[in-house]
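**Q** Structural data only, the sequence is not supplied:
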């Protein structure tokens, strides 16, 4: 009977070990994905600061005909 209990404990420990390895692997991949998405976000925001690139990427800039940096004069009412 003691051998059966040890075998059950061993199987349970093996299961827990496998689960922890899987969880570590999944966590590592998720963190890598988050880091990649953050890098892409920063890169795209940096690219949008360049007028020539922004005009090609953002359709609104092409349609309006004015760059994003355009600001109306303070004495002009917009509404």
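**A** Cool, got the structure. These numbers come from a predicted model, not from an experiment.

**Q** can you pull out the helices in this protein?
**A** In the chain, the helices defined using DSSP state H lie at 2-47, 51-57, 59-64.

**Q** Spit out the contact partners of residue 14.
**A** Contact analysis of residue 14 by CB atoms under 8 Å, 6 or more residues apart in numbering lists nothing. From N, CA and C alone the C-beta is placed, and that goes for glycine too.

**Q** Mind checking the pLDDT average for stretch 54-64?
**A** Across stretch 54-64, pLDDT averages out at 78.

**Q** With stretch 7-16 instead?
**A** Averaged across stretch 7-16, pLDDT comes to 88.

**Q** Would you pull up how far it lies from the middle of the chain?
**A** 37 Å (CA atoms, centre = their mean, to the nearest Å).

**Q** Just give me the residue right at the centre of the protein.
**A** In the chain, the residue lying closest to the centroid (CA atoms, centre = their mean) is residue 37, at 3.0 Å.

**Q** how much space is there between that residue and residue 64?
**A** 29 Å (CB to CB, to the nearest Å).

**Q** Repeat that for residue 45.
**A** Distance, residue 45 to residue 64, using CB to CB: 20 Å.

**Q** List the residues that contact residue 25.
**A** With contacts defined as CB under 8 Å, 6+ apart, residue 25 has no neighbours.
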